[in-house]
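Participant: For reference, the sequence and a predicted model appear below.
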Amino acid sequence: MDEAQGKSVLEQIKEHTVIVADTGDFDSIRQYEPRDATTNPSLILKAAKQAEYSELVEDVVNKAKQEGVTQVDEVMDRLLVRFGVSILEIVPGRVSTEVDARLSFDCKGSLAKARSLIERYEQLGFSRDRVLIKLATTWEGVEVSRELEKEGIHCNMTLLFSIVQAIACAEAGSQLISPFVGRILDWYKQNTGEDFEGANDPGVKSVTEIYNYYKKFGYKTEVMGASFRNTGEIKELVGCDLLTISPNLLQEMKEDHSSLELKLSSAKSHESDLTKIEIDESAFRFRMNEDEMATTKLAEGIRKFSADVCSLENMLGQMLSS
C-alpha cells in the first residue's frame, strides 16, 4: 500500500480483513463502522455502569418488574439481548452474545441457554444468522457448538489459546473462533520476563499457525484474532478472516497512515509445513494439560467472565428489589 495514497491503517486492513468492534459501546460502533460486533459479560457490565446506558438498563428492569419477573437471570438475558439488538440496528453483520461462563462445563445448561437467547432474538425479528453464540472453548463448549451448528445456531468459540482448541472447533464445525492474542502475550511476558513484538509475539504466532492450519486443510471455520494489546499485533495479522478490536486501538489505527503489507493469505498457508492432527476428547484434554499457558488462561478467563456475570446479576438484583 502506497503511503502517498493517504489511506489510514484501519482503511488498509479493511481491504483484506473484516473488522469487528470489541465493545458494547454503541457510539464507538457507529464511529468505526465495523461489519460485526462482539460483546462479553465484562463489556456489558462496563457499558451498563455508564450514564448513557442507564436508561436502557432501567427500561429492561422496569419492564420486567411490570411483568412480575423476579428471576435475575431472566432479566440478565433480556439485557444481553437488548444490547445485542441495539448493536444489530447499527452494524450490517452479526453480533456475538455470550452464554453464562458458569455453564462452561455444562453441556445441557449451555444448550438450553443458547437456544433461549436465539429464541429471544428471533421473537424480536432478528434471524439466527445474525447472532453468534459465544462459548468458552472447553471440551464441553466444543460439543455444545457441534450440536448448535446442526440447528443453524452459529457459534463464536472464545477463550481460545491453542491450536488444539482450534482444531477441535474446526472438527465440530464451529462458525468462528476467537484466539486471544494479547492474553497469550501477557502469559509469556509474565513467565519469561521478556518482551515480544511484531512477528515474534507468541499471540501473533499462535493465530498465524491456526490460520495456516485451517486454510491448508480446508476448514470453513472463520478465524477472528481477539484481545489485542497493541496495533503492532494487529498489523502482523493483516489478512486474517476477521479481527475484533477495541475502540482505543481502532482510533489509533484511524490516525496512523503508515504502509501495510498482507501477512496472512490462503495461498501462503498451503506452503506451510503443518501436518494434520487428530483430536478427540482424550487427546484434547491431554494436550491441554500439557499446555500450561492455554490451561492457565482458559481457567483464568472463565473465572473472570463468571465474576463479571455475578457482578452484573448483583447490580440487576438490587435494581429489581428497589
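Facilitator: Perfect, I can see it now.

Participant: Remind me what the least confident helix or strand in the chain by mean pLDDT packs against, helices and strands.
Facilitator: The weakest-scoring helix or strand in the chain, judged by mean pLDDT, DSSP states H and E, is helix 41-48 (a mean of 85). Packed against helix 41-48 by the contact rule (3 or more C-beta pairs under 8 Å, 6 or more residues apart in numbering; DSSP states H and E) you find helix 72-88, helix 292-321. The way it works is simple: take the backbone N, C-alpha and C, and place the C-beta from them, glycine included.

Participant: Is residue 179 in a helix, a strand, or coil?
Facilitator: With DSSP: H, G, I helix; E, B strand; the rest coil as the basis, residue 179 sits in strand.

Participant: what's across from it in the sheet?
Facilitator: Taking DSSP bridges as the rule, residue 179 bridges to residue 160.

Participant: before we move on, what about residue 97?
Facilitator: Residues in beta-bridge contact with residue 97 (DSSP bridges): residue 133.

Participant: Shouldn't residue 232 be within a strand?
Facilitator: No - counting by three-state DSSP, residue 232 is located in no strand; its state is helix.

Participant: quick one, helices of the stretch 1-150 of the chain?
Facilitator: Assigned by DSSP state H, counting those that start in this stretch, the helices in the stretch 1-150 of the chain fall at 9-14, 26-32, 41-48, 54-66, 72-88, 107-123, 139-150.

Participant: what's the closest of these to residue 296?
Facilitator: helix 139-150 (16.8 Å; C-beta to C-beta).

Participant: Buried ones in that closest one, by neighbour count?
Facilitator: Using 16 or more other C-beta atoms under 10 Å as the burial criterion, the residues of helix 139-150 that qualify are 139, 140, 141, 142, 143, 144, 145, 146, 147, 148, 149.

Participant: what does that helix contact?
Facilitator: Helix 139-150 is contacted from outside by 99, 104-107, 110-111, 114-115, 133, 135, 154-155, 157, 165, 168-169, 172-175, 281, 284-285, using C-beta atoms under 8 Å, 6 or more residues apart in numbering.

Participant: can you rerun that using 6 Å?
Facilitator: Residues outside helix 139-150 that contact it (C-beta atoms under 6 Å, 6 or more residues apart in numbering): 105, 107, 110-111, 114, 135, 155, 168-169, 172-174, 281, 284.

Participant: And those, which is closest to residue 195?
Facilitator: Relative to residue 195, the closest of those is residue 169; by C-beta to C-beta it sits at 30.2 Å.

Participant: does the closest one belong to a helix or a strand, and which?
Facilitator: Taking DSSP states H and E as the definition, one finds residue 169 inside helix 163-172.

Participant: Run the chain-centre distance for that helix.
Facilitator: Distance, stretch centre to chain centre, for helix 163-172: 15 Å (C-alpha atoms, centre = their mean, to the nearest Å).

Participant: Give me the mean pLDDT for it.
Facilitator: The average of the pLDDT scores along helix 163-172 is 98.

Participant: Between helix 139-150 and it, find me the angle.
Facilitator: Angle, helix 163-172 to helix 139-150, by axes from the mean of the first three to the mean of the last three C-alpha atoms, to 10 degrees: 30 degrees.

Participant: Which other helices and strands does helix 163-172 contact?
Facilitator: Judged by 3 or more C-beta pairs under 6 Å, 6 or more residues apart in numbering; DSSP states H and E, helix 163-172 is in contact with helix 139-150, helix 202-216, helix 281-290.

Participant: if we go to 10 Å?
Facilitator: Using 3 or more C-beta pairs under 10 Å, 6 or more residues apart in numbering; DSSP states H and E, the elements in contact with helix 163-172 are helix 139-150, strand 155-160, strand 176-179, helix 202-216, strand 222-225, helix 281-290, helix 292-321.

Participant: and of these, who's closest to residue 274?
Facilitator: helix 202-216 (5.2 Å).

Participant: For that closest one, the averaged confidence score.
Facilitator: The average pLDDT within helix 202-216 is 98.

Participant: Off-centre distance for it?
Facilitator: Centre-to-centre, helix 202-216 and its host chain are 16 Å apart (C-alpha atoms, centre = their mean).

Participant: circling back to that earlier point, got the CA positions of the least confident helix or strand of the chain in PDB?
Facilitator: What follows is helix 41-48, C-alpha atoms only, in PDB (Å, rounded to 0.1, in the frame of the first residue of the first chain):
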ATOM      1  CA  PRO A  41     -20.100 -10.100  30.300                       C
ATOM      2  CA  SER A  42     -17.200  -7.800  31.100                       C
ATOM      3  CA  LEU A  43     -18.000  -5.400  28.200                       C
ATOM      4  CA  ILE A  44     -21.800  -5.400  29.000                       C
ATOM      5  CA  LEU A  45     -21.000  -4.800  32.700                       C
ATOM      6  CA  LYS A  46     -18.800  -1.900  31.800                       C
ATOM      7  CA  ALA A  47     -21.400  -0.400  29.500                       C
ATOM      8  CA  ALA A  48     -24.200  -0.900  31.900                       C
END
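
Participant: what's the spacing between residue 267 and residue 222?
Facilitator: Separation of residue 267 from residue 222 (C-beta to C-beta, to the nearest Å) stands at 18 Å.

Participant: Good, we can wrap up now.
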